[in-house]
Structures are given as C-alpha cells and as structure tokens.
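# everything below, folded, please.
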Amino acid sequence: MHRYKIFNGAMPTTAAQPKVTTGTAIKTMLQIATPSTRQIQLISWGFTLDAVPASAGQVELIQTDVAATVTAHVAFGVQPLDPNAPASLMTLSTTGTGYTATAEGTVTATRTFDANLVPGTAGATDINYFYQWMPDERPIVAVSKFLRVRATFGAAVNMTTFIVWDE
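Down below sits the predicted model:
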C-alpha cells in the first residue's frame with residue numbers, strides 16, 4: 001500500500017499553495033475519482049479558511065456516485081508521501097480527480113465520512129480543521145466512486161483543503 005496527499009489547487013512551485021473561493025452555493029472544492037480497479041482507504045483530511053466567514057458554513061467529506069465537473073489535477077499534483085512510491089492510480093480528468101467545481105452533477109447516493117459546521121462567529125481556531133481516523137475506523141471509498149470535499153457558505157470565503165489516503 002502507498003500513501004498520497006492532494007490539495008485543492010495546482011501543485012505549488014514558485015508560488016504558494018492556492019486558496020479557492022467557496023462561493024455562496026454548494027461547491028466541490030476537491031474531488032478524487034477512484035478507478036474501476038482500485039479502492040482507497042482514508043487516513044486524514046482537513047481544511048483552512050483565510051478569514052472568519054461572514055455567515056455560517058458547512059464543509060463535508062462525502063462519497064458520491066456522480067462526478068462534479070472540476071479543474072483536472074495532473075499526476076504531479078497527487079503527491080506520494082514516500083518518494084519511492086509509484087504514481088497514484090486515481091483517474092485524472094475534468095470528471096475525475098480535480099478541484100474547484102464548475103458544475104456539481106445530479107448526485108443520487110452519498111456516504112458521509114465527516115462534516116463540520118463553521119459558525120459565522122468562528123474564532124481563529126474554528127477556521128482550521130483537521131481530522132485523522134483511527135486505524136480501525138478508516139473509511140474505504142469503493143471503486144468507480146467520487147470522494148468530494150464540498151463547502152456551502154452564505155458568504156464566500158477562501159479555502160485550502162487536503163485529503164490523505166492509502167491505495
């Protein structure tokens with residue numbers, strides 16, 4: 001098994017990790033598409049906001065049966081945490097692994113792995129969230145499914161999010 005980490009933006013090189021606006025309607029900030037030959041086991045995930053939101057928001061980590069239309073990640077953006085690991089087998093495309101959705105698709109089935117309510121009166125510690133599953137409770141995302149970090153805020157705020165998994 002190999003471990004990988006992905007963020008909701010292009011891999012930083014000469015610039016910092018980009019942050020992405022959430023908007024005011026539900027928006028997929030990051031999506032991982034499992035191929036028909038591989039499932040993944042989640043290790044951790046999290047997000048940070050660059051400011052206290054003007055109104056409450058919900059950030060959720062879910063498995064869906066339908067892809068959002070996203071900016072496609074490239075292989076370089078899916079980081080193996082072991083420098084000797086092979087490239088990830090996740091599907092990279094605008095309806096696969098990517099970030100910053102422009103269309104959500106019509107989701108008919110989900111599995112919720114985690115959800116976090118961010119109050120509009122959040123303090124500095126409320127705008128940073130990190131969760132790591134215990135080994136016996138780590139969710140498994142099935143083959144040919146989509147893992148999404150979705151955000152819904154009443155007023156847009158900038159977000160950086162990540163997911164770590166084994167495949």
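# which residues does the residue lying closest to residue 1 once chain neighbours are set aside bridge with?
Spatial nearest neighbour of residue 1, excluding adjacent residues (Cβ to Cβ, 6 or more residues apart in numbering): residue 166 at 4.7 Å. Just so you know, the C-beta spots here come from the backbone N, C-alpha and C atoms, and that holds for glycine as well. Assessed by DSSP bridges, residue 166 has beta-bridge partners residue 3, residue 41.
# pretty sure residue 166 is touching residue 43, no?
Yes: between residue 166 and residue 43 there is a contact at 6.2 Å, judged by Cβ atoms under 8 Å.
# so what's residue 76 up against?
residue 11 (Cβ atoms under 8 Å, 6 or more residues apart in numbering).
# that one looks like it's in a helix, true?
Yes: counting by DSSP: H, G, I helix; E, B strand; the rest coil, residue 76 is located in a helix.
# for the chain, which residues score under the pLDDT cut-off?
122-126 (pLDDT under 70).
# if we can go back for a sec, contacts only, for the residue nearest to residue 1.
By Cβ under 8 Å, 6+ apart, the neighbours of residue 166 are 1, 2, 3, 4, 40, 41, 43.
# which of the residues you listed are buried?
Among these, those classed as buried by 16 or more other Cβ atoms under 10 Å are 3, 4, 40, 43.
# rewinding a little: quick check, nearest of the contacts of residue 166 to residue 91?
residue 40 (11.6 Å; Cβ to Cβ).
# spatially nearest residue to that closest one, not counting backbone neighbours?
In space, residue 40 is closest to residue 165, 4.3 Å off (Cβ to Cβ, 6+ apart).
# so that neighbour sits against residue 42, correct?
Yes: applying Cβ under 8 Å as the test, residue 165 and residue 42 come out as touching, 5.3 Å apart.
# any shared contact partners between those two?
Joint contacts of residue 165 and residue 42 (Cβ under 8 Å, 6+ apart) are residue 141.
# name the residue in those two with the higher neighbour count.
residue 165 (27 against 23; other Cβ atoms under 10 Å).
# give the contact list for the more buried one.
So residue 165 contacts 3, 4, 32, 40, 41, 42, 43, 141 (Cβ under 8 Å, 6+ apart).
# export those to TSV and tack on distance to residue 108?
Shown next, in TSV, are the contacts of residue 165 (distance: Cβ to Cβ, whole Å):
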residue	distance to residue 108
3	31
4	28
32	19
40	21
41	24
42	22
43	28
141	17
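# which one of those sits closest to residue 62?
Distances from residue 62 to these, taken by Cβ to Cβ, are shortest for residue 141, at 10.0 Å.
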